[in-house]
Structures are given as structure tokens and as C-alpha cells.
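Q: give me the fold of what follows.
(3 chains)
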Amino acid sequence: MSRRRLLPREFYARSPEIVAPDLLGKLLTHRRRGEWLTGRILEVEAYLGLTDPASHASIGRTARNAVLFGPPGIAYVYSIYGMHYCLNVSCLPDGEPGGVLFRALAPIEGIESMARLRHLSVEAKPRLLAGGPGRLCQALGISRKERNGVDLTLASSDLQILDDGKVPKAIQVTPRIGIRKAADRPLRFLVVD
DNA sequence: GTGAGGATCGTCT
DNA sequence: GACGATCCTCACA
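A: Numbering: from 1, shown residues only, chains lettered A, B, ... in the order given. All right, here's what the predicted structure looks like:
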């Protein structure tokens, strides 16, 4: 296994448009009941601050989106449509809102646990395991109550992003998905399969 | 294989 | 009181 480096806070203290493509190929890992569930990041979307109508931060600071306005490198977990969770990480220095939404992972460690959490067999296709924001959180066992506000840059955290040195061969940029506002902006980044 | 519609609730107005 | 940064099922072709 190659060496893994925890991404420092400075990594996130940049514009989401820069951080998002940089996150592709990194390892997202979550410690659940003592077991590390890990996946390689395949797809992300950048959400800018006040100027991005699609961003939760565009309506101004509220109790719900406060994390986006805080320091960089913090997990922002929110529930959507009453039945799904989505995982983001805050970007830009303290006080400036912005973030990156994780949309898809390639499962690497803890695949059996992920399949169990998703109520699927271990033989299920990776895309079904963690392809899609809601699936991703379900597969890793992430809930808002437990994980919103967790610092991703601490070695003691249960939720981290690691760099094992691997870089995607090619990155594709497309408009964002599943939103109505500003859906035409090319802020979705994915690893070309 | 593809597209329409239902599920379901925290959060903000 | 209305509405999502979604996912899944079920028709129908």
C-alpha cells in the first residue's frame, strides 16, 4: 500500500473551482464502528458563495449552512428531500462561503460494510454502491447528526481525505446536475473512466 | 433501455 | 406552508 498523506487545511483554503478538480483521485475515508470505509473520489461539484444561486450559501448565513461560512476543511452534511444526505467540504478562508459536493466514489476498503449499508450484495456494481450523493453517504454510513461540522484535516477525525499520490489520467468538466438554478455553469468535475 | 412520477422531512419564509 | 445540490420503481417501447 502506498503512503497516504492527510490533506492540510491550506488545501481547502482556495476557491471551490480550484479545490474541486484537485480532489479527484483522492481518498475519502470514514471510521465507522472502528472500521475504515474508504473510496476514491470520482466525481465532485463546486459550489461558490454568495454569487452562486445554486449554492446554499447564496441566501446568506443561516443555522443550517453556517459551516460553509466557517473555516475551510470542515464537513457540511445536509439532508435533502427528507430521505437523503449529501456530503460537502467547506472551502475558502474563514468568513468566505463556498464548498465542494462529493457525488461519487470508487469503493476501496470496507466494501462489504458499504454493501450492507446500501442493502446490496458485495457483487453489486461500484456505481450502485457509491455513485450519487445520497448513495455515497449511505454507503459510508454518514449522517448529518453525527458528522456535520467534523474537521477533515485532523488525524484524530473519523472523517478524512487522504492523498496517496495517484492522479487521474483525465478529467472531464460538465454542467452541474440535479439543480435548476445556474445549472449551465461548468462546475462539475469527474474522472474519465 | 428510457422517462415520468412518487417518496418524505428539515429548514426557511 | 412550500420546497429542494435525490433515488428508486414501474410503465411502456
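Q: so which residue of chain A comes closest to DNA strand C?
A: Nearest to DNA strand C, among the residues of chain A, is A:Gly178, at 1.2 Å (C-beta to the nearest atom of the strand). In short, each C-beta sits where N, CA and C put it, glycine included.
Q: just confirm that residue is within a strand.
A: No. Using DSSP: H, G, I helix; E, B strand; the rest coil, the assignment for A:Gly178 is coil, not a strand.
Q: and the gap between it and DNA strand B?
A: 11 Å (C-beta to the nearest atom of the strand, to the nearest Å).
Q: neighbours around that residue, how many?
A: 13 (other C-beta atoms under 10 Å).
Q: mind pulling up the pLDDT for it?
A: Listed pLDDT for A:Gly178 reads 84.
Q: same question for the one 4 residues further on.
A: If you check A:Ala182, the pLDDT there is 85.
Q: quick one: it and A:Ala54 touch, right?
A: Yes. Look at A:Ala182 against A:Ala54 with C-beta atoms under 8 Å: they come within range, at 4.6 Å.
Q: overlap of the contact sets of those two?
A: Common contact partners of A:Ala182 and A:Ala54 (C-beta atoms under 8 Å, 6 or more residues apart in numbering): A:Arg176.
Q: all strands of chain A, in order?
A: Here chain A has its strands, by DSSP state E, at A:5-6, A:27-32, A:35-47, A:75-80, A:84-90, A:99-109, A:159-163, A:171-174, A:188-191.
Q: and those as JSON lines, adding distance to A:Ala63 and mean pLDDT?
A: Output for the strands of chain A, formatted as JSON lines (distance: least, C-beta to C-beta, whole Å; pLDDT from 0 to 100):
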{"stretch": "strand A:5-6", "distance to A:Ala63": "29", "mean pLDDT": "98"}
{"stretch": "strand A:27-32", "distance to A:Ala63": "24", "mean pLDDT": "96"}
{"stretch": "strand A:35-47", "distance to A:Ala63": "18", "mean pLDDT": "95"}
{"stretch": "strand A:75-80", "distance to A:Ala63": "12", "mean pLDDT": "94"}
{"stretch": "strand A:84-90", "distance to A:Ala63": "15", "mean pLDDT": "95"}
{"stretch": "strand A:99-109", "distance to A:Ala63": "16", "mean pLDDT": "95"}
{"stretch": "strand A:159-163", "distance to A:Ala63": "21", "mean pLDDT": "97"}
{"stretch": "strand A:171-174", "distance to A:Ala63": "32", "mean pLDDT": "92"}
{"stretch": "strand A:188-191", "distance to A:Ala63": "28", "mean pLDDT": "94"}
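Q: many thanks, we can stop here.
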